[in-house]
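Participant: dropping the sequence and predicted coords here.
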Amino acid sequence: MSDLPAILDEFRKRTPKSAGLHASAADLIQGGVASPFRYYEPYPFFVERGKGGRIWDVDGNEYIDFNNCYGAIIAGHAHPEINRAIKEQAEKGSMFGIPGRITEKLLRELLRRYSSMRFFRFANSGAEATMYALRLARAYTGKDKIIKIEGCYHGCHDAVLISDKPHRPAHMGPAWAPTPVIESAGILPDTAKNTLVVPWNDTDALKSCLDRNLGEVACLIVEPIVANFGMCLPDKGYLEKVREITRHYNVVLIFDEVKVGIRLAPGGGTEVTGVRPDIICLSKAFGGGLPLAAFGATEDFWDMFYPLGEVIHFGTYNANPISMAASLACLTKVMTREAYKHTDRMGEKLRKGIEDSIRRHGIRAVPAGIGPMLTVFFMEKKPRNYRETLVNDKDQWLKWYMSMINKGLFFTAPSAYEETFISAGNTEKDIDEALERIDSAFKELPKKT
Ligand SMILES: Cc1ncc(COP(=O)(O)O)c(C=O)c1O
């Protein structure tokens, strides 16, 4: 079945209860979803429960889950160790707004994993972590401007909701010096004056941006391995050069490890790339399935925070004990060296199987990624930056994606720019079955022309 209307008809037939629930939700909340990323045509399926690497929808359909809540689930759904930790803490009380023992344990575990950091502070979402990281960099340098990478998402706050996924070429400016594009109504035009944008994998463009804004730039925020216009690895030597340049220009280097942190290795993107930033942001996998984030920095930033310094970081829910308990159980009991080997192996097997399948069926597509994360681009070659992804054939992707949902595989979040996040709960059997479903979805697609 290679035409989209037929694929969507099949989806409707499989999910009548989801259709009903979505219709009533859509009258209560815009689009019927709590975060617009969750919406897709004709409506999203509604989930009932999850266990390990699988989820079930309200119509009783079973899916292999490789989306794993946009990467927030790394242990697998309803992991018994994490559930036990949550229940034990809930019995003692869910929140106090008073320091407790568990915070220290989790901080020590984080510092063990990210040994180049002097401290971490807790927040509740990736957006909060990046917001505080930028504030810290600005306070430390006394400068106003920040630089981000074109196509990258760092949370839903004003300073970074710029050139997240610009799509109108007329607004984007030249590739070597992109025009900052505001991505939401309600963001002040002046915000774009302080958020500069550069392409990924281009150190000349970065240097040129710094020269044009000499003495005005506080920081550069990057994902050490891009996971926001699909997976896009740094060219050899790129991050090392970025580190050198940021030092030379006295610009703070922030690694936004919200997606890759904790996941790619115990010490995340920093461990995998070997490059040491000044500030690191974590969330998603770090929370063990509960809302939790952290941002950390090197010794130089230690005395910047109130009560030692003047940077403010408040929050009623900071270091909430239930999230701390889930995170600690996840980091110390589930994500062992063995678990990392398992997720890496599963990722490798999936990428290899997809490559074989693409070749077998003569489809113009290419898998890209690292460890347990991967994106399938419907284009000839892996992209090196955001603009190269603009030729990705999103119509092909959509047919393939929806047909996999019909076959019981939730491969990624519903966007061609997302990636799979294999969890420790995904088994060899999940990968084998997923590869059969992926292969059958490729088989139904129109071939290369
Ligand atoms: C790299 C990156 N940073 C920050 C965020 C924002 O995280 P949150 O959705 O928890 O606010 C995301 C979300 O996907 C992300 O991918």
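Facilitator: Thanks, I have the structure now.

Participant: residues near the nearest residue to T203 once chain neighbours are set aside, how many?
Facilitator: Spatial nearest neighbour of T203, excluding adjacent residues (C-beta to C-beta, 6 or more residues apart in numbering): K241 at 4.6 Å. C-beta coordinates here come from the backbone N, C-alpha and C atoms, glycine included. By other C-beta atoms under 10 Å, 16 other residues sit near K241.

Participant: element containing K241, please.
Facilitator: helix 238-248 (DSSP states H and E).

Participant: so which elements touch that helix?
Facilitator: Under the contact definition 3 or more C-beta pairs under 8 Å, 6 or more residues apart in numbering; DSSP states H and E, helix 238-248 sits against helix 203-212, strand 217-222, strand 252-256.

Participant: most tightly packed of those?
Facilitator: strand 252-256 (a mean of 28; mean count of other C-beta atoms under 10 Å).

Participant: residues of the stretch 151-300 of the chain that sit close to the ligand?
Facilitator: Y153, H154, G155, E223, N228, D256, V258, K259, S283 (C-beta under 6 Å from any ligand atom).

Participant: how about the residues you listed in JSON lines, adding distance to S115, pLDDT and secondary structure?
Facilitator: Conversion of those to JSON lines gives the following (distance: C-beta to C-beta, whole Å; pLDDT from 0 to 100; DSSP: H, G, I helix; E, B strand; the rest coil):
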{"residue": "Y153", "distance to S115": "28", "pLDDT": "98", "secondary structure": "coil"}
{"residue": "H154", "distance to S115": "24", "pLDDT": "98", "secondary structure": "coil"}
{"residue": "G155", "distance to S115": "26", "pLDDT": "98", "secondary structure": "coil"}
{"residue": "E223", "distance to S115": "20", "pLDDT": "98", "secondary structure": "coil"}
{"residue": "N228", "distance to S115": "26", "pLDDT": "97", "secondary structure": "coil"}
{"residue": "D256", "distance to S115": "19", "pLDDT": "98", "secondary structure": "strand"}
{"residue": "V258", "distance to S115": "20", "pLDDT": "98", "secondary structure": "coil"}
{"residue": "K259", "distance to S115": "21", "pLDDT": "98", "secondary structure": "coil"}
{"residue": "S283", "distance to S115": "20", "pLDDT": "98", "secondary structure": "coil"}
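
Participant: check contacts around L435.
Facilitator: Residues in contact with L435 (C-beta atoms under 8 Å, 6 or more residues apart in numbering) are K349, L350, G353, I354, S357.

Participant: from the chain's centre, how far out does the host helix or strand of it sit?
Facilitator: Assigned by DSSP H and E, L435 falls within helix 428-443. Its chain's average C-alpha position is 24 Å from that of helix 428-443, according to C-alpha atoms, centre = their mean, to the nearest Å.

Participant: tell me the buried residues in it?
Facilitator: For helix 428-443, burial by neighbour count (16 or more other C-beta atoms under 10 Å) applies to D430, I431, E433, A434, L435, R437, I438, D439, A441, F442.

Participant: ok, the residue nearest to the last one when sequence neighbours are not counted to K443 distance?
Facilitator: By that I understand F442. Of all residues not flanking F442 in the chain, H361 sits nearest, at 4.5 Å (C-beta to C-beta, 6+ apart). Separation of H361 from K443 (C-beta to C-beta, to the nearest Å) stands at 5 Å.

Participant: other residues contacting stretch 120-128?
Facilitator: So stretch 120-128 is in contact with 103, 107, 110-111, 114, 129, 132, 154-157, 256, 258, 281-284, 291-296, 305, 313, 315, 317-320, 323-324, going by C-beta under 8 Å, 6+ apart.

Participant: hmm, which of those residues are the buried ones?
Facilitator: Burial by neighbour count, judged by 16+ other C-beta under 10 Å, picks out 103, 107, 110, 114, 129, 132, 154-156, 256, 258, 281-284, 291-296, 305, 313, 318-320, 323-324 from the contacts of stretch 120-128.

Participant: can you name the residue of the stretch 251-400 of the chain nearest to the ligand?
Facilitator: Nearest residue of the stretch 251-400 of the chain to the ligand, counting by C-beta to the nearest ligand atom: V258, 3.5 Å away.

Participant: which residues touch that residue?
Facilitator: G126, A129, T130, H154, G155, E223, C281, L282, S283, K284, A293.

Participant: isn't the third one right next to G155, touching?
Facilitator: Yes - look at T130 against G155 with C-beta atoms under 8 Å: they come within range, at 4.9 Å.

Participant: would you mark the buried spots in the longest helix along the chain?
Facilitator: Scanning the chain for the longest helix, with DSSP state H as the assignment, gives helix 337-361. Buried residues in helix 337-361, counted by 16+ other C-beta under 10 Å: 339-340, 342-344, 346-351, 353-354, 357-358, 361.

Participant: for P42, see how far away the closest residue in space to N406 that isn't next to it in sequence is.
Facilitator: The shortest distance from N406 to any non-neighbouring residue, by C-beta to C-beta, 6+ apart, is to E10 (5.0 Å). Separation of E10 from P42 (C-beta to C-beta): 11 Å.

Participant: more neighbours, those two?
Facilitator: Remark: of E10 and P42, E10 carries more neighbours, 16 against 13, as counted by other C-beta under 10 Å.

Participant: pLDDT of the longest helix of the chain, averaged?
Facilitator: For helix 337-361, mean pLDDT is 98.

Participant: same question, stretch 170-189
Facilitator: For stretch 170-189, the per-residue pLDDT averages 96.

Participant: how far does that stretch sit from its chain's centre?
Facilitator: 22 Å.

Participant: next: stretch 83-92.
Facilitator: Stretch 83-92 sits 27 Å away from the centroid of its parent chain (C-alpha atoms, centre = their mean).

Participant: give me the neighbour count for L445.
Facilitator: 22.

Participant: how far away is it from M402?
Facilitator: Applying C-beta to C-beta to L445 and M402 gives a distance of 12 Å.

Participant: just to revisit the earlier point, correct me, but the residue nearest to F442 touches P446?
Facilitator: No - judged on C-beta under 8 Å, H361 makes no contact with P446 at a distance of 10.2 Å.
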